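**Q** just the structure for this:
(one chain, ligands or ions: 1)
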Amino acid sequence: MLQTKIANIKLANCIYNASGPACSSLEELQALGQSAAGAILSKSATLAPRAGNPAPRYVDTPWGSINSMGLPNKGHAYYLAAAKELASFQKPYIVSLSGMSLADNLKMIAEMQEEENIAAIELNLSCPNLPGKPQTAYDFEQTEKVLAAVFAQNNKPLGVKLPPYFDLLHFEQMAQILNQFPLSFVSCINSIGNGLVIDWEKEETLIRPKDGFGGLGGDYIKATALANVRQFYLLLRPEISVVAVGGIKSGQDAFEHILCGAKAVQIGTHLMKTGPSCFAQISAELTAIMQAKGYQSIEDFRGKLKTAA
Ligand SMILES: O=C(O)c1[nH]c(=O)[nH]c(=O)c1Cl
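**A** Sure, this is the predicted structure:
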């Protein structure tokens, strides 16, 4: 009912975790393996382990979350080694990479090539929380340079994690670049960067890094995520799958993203708030909606959003 394919990767369930929340340690990755999630996606890795930004750096709010983690992770070798430990769950294991430089990304990608238990690489071009570093995917020239270098050496299924775009010309410019490369997927969207959430009683910011500026997730970003999924579904070659992430906490939210064209959906903030049982929750809700509407598979309605008459 909920099975899907991302490029030639089969998922028994189109719902899995977003990179970031609850996917940094082997224990967290194993918990995802034991859950109803259709795949396991790691925290974005850098070449060497990182401690990340000072806390408080992640806070849940009534409408979602704000974070400025600063790319804390156990280093790429850890996530490469985890592949063998996770194979027994018999679901795709995808490694997210977010190198501090193009050279680091190329080195990490090269080391991932031989590991057959890594189904795909999700190259993160959109971390908003590294002081002094812009989000790569807001620099179109740099993005093209990175993808050309990556695909000169990569033979594994590879997709990119994109930031939200807000200007129709930007969607077209980005799609024109992405369509030049043998990408397996794009994941839309990363958090909306540099939001600000305040505790008005204490008259201070919720998080500490960057004077309180951090990436927004959850309800705050669902409408923007839907728009980005829809735009890239319409503008990219059909061989490039669109994976939806942003504001999904129910079967209805997942249904809406698939209606916009998503082949799979990722859960971030809601996973952080409710734990890995969220995959069974959202799967059951999505299945119920599909049954009520007479759909047997997600392909029966994927991308078929109509414009109001
Ligand atoms: O601060 C983070 O670690 C972080 N936080 C985000 O919201 N998106 C990202 O891609 C990353 Cl890498």
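**Q** now do the same contact list for the spatially closest residue to Gly246 that is not a sequence neighbour.
**A** In this structure, Gly246 finds its nearest non-sequential neighbour in Ala225, 2.5 Å apart by C-beta to C-beta, 6 or more residues apart in numbering. In short, each C-beta sits where N, CA and C put it, glycine included. Contacts here follow C-beta atoms under 8 Å, 6 or more residues apart in numbering; on that basis Ala225 touches Pro164, Cys188, Ile189, Ala244, Val245, Gly246, Gly247, Ile248, His257.
**Q** tell me the one among those nearest to Ser96.
**A** Val245 (11.6 Å; C-beta to C-beta).
**Q** please name the nearest non-neighbouring residue to Gln173.
**A** Nearest to Gln173 is Phe140, by C-beta to C-beta, 6+ apart, at 5.5 Å.
**Q** can you pull the contacts of that neighbour?
**A** Gln173, Met174, Ile177.
**Q** off-centre distance for the top helix by length along the chain?
**A** The residue-count maximum for a helix in the chain (DSSP state H) belongs to helix 278-293. Relative to its parent chain, helix 278-293 has a centroid offset of 21 Å by C-alpha atoms, centre = their mean, to the nearest Å.
**Q** what parts of this structure come near the ligand?
**A** Contact residues, the chain versus the ligand (C-beta under 6 Å from any ligand atom): 20, 44, 67-71, 98, 124, 126-127, 129, 190-191, 215.
**Q** and those, which two are furthest apart?
**A** Spatially, the most separated pair among the residues of the chain next to the ligand is Ser68 and Asn124, at 15.3 Å (C-beta to C-beta).
**Q** sorry, back to before: run through who's touching the longest helix of the chain.
**A** So helix 278-293 is in contact with 1-2, 13, 15-17, 35-38, 248-255, 267, 270-271, 274, 296, 298, 300-301, going by C-beta under 8 Å, 6+ apart.
**Q** 6 Å - rerun?
**A** By C-beta atoms under 6 Å, 6 or more residues apart in numbering, the list of residues contacting helix 278-293 from outside reads 1-2, 13, 15, 35-37, 250-251, 254-255, 267, 270-271.
**Q** excluding its backbone neighbours, what's nearest Gly195?
**A** Per C-beta to C-beta, 6+ apart, closest to Gly195 is Leu216, 4.0 Å.
**Q** who does that neighbour bridge with?
**A** Beta bridges link Leu216 to Ile66, Ile192 when assigned by DSSP bridges.
**Q** count the residues that sit near it.
**A** Leu216 is flanked by 26 other residues according to other C-beta atoms under 10 Å.
**Q** what's the answer for Lys293, then?
**A** Lys293: 10 neighbours (other C-beta under 10 Å).
**Q** related to what we said a few turns ago, are any of the contacts of helix 278-293 buried, and which?
**A** With burial judged by 16 or more other C-beta atoms under 10 Å, the buried subset of the contacts of helix 278-293 is 2, 13, 15, 35-37, 250-251, 254-255, 267, 270-271.
**Q** taking the residues you listed one by one, which sit in strands?
**A** Counting by DSSP state E, the part of the buried ones among the contacts of helix 278-293 found in strands is Ile15, Ile267.
**Q** how far does the helix or strand Ala223 falls within sit from its chain's centre?
**A** Applying DSSP states H and E as the criterion places Ala223 in helix 222-235. Mean-position distance between helix 222-235 and its chain equals 14 Å (C-alpha atoms, centre = their mean).
**Q** name the next helix or strand downstream of it, please.
**A** Using DSSP H and E, the helix or strand that follows helix 222-235 in sequence is strand 241-245.
**Q** what angle sits between that next one and helix 222-235?
**A** Relative orientation of strand 241-245 versus helix 222-235 (axes from the mean of the first three to the mean of the last three C-alpha atoms, to 10 degrees): 180 degrees.
**Q** so what strands line up beside strand 241-245?
**A** Partners of strand 241-245, by DSSP bridges, with direction: strand 185-188 (parallel), strand 264-267 (parallel).
**Q** what sits up against it?
**A** 6, 18, 185-187, 229, 232-233, 257, 261-266.
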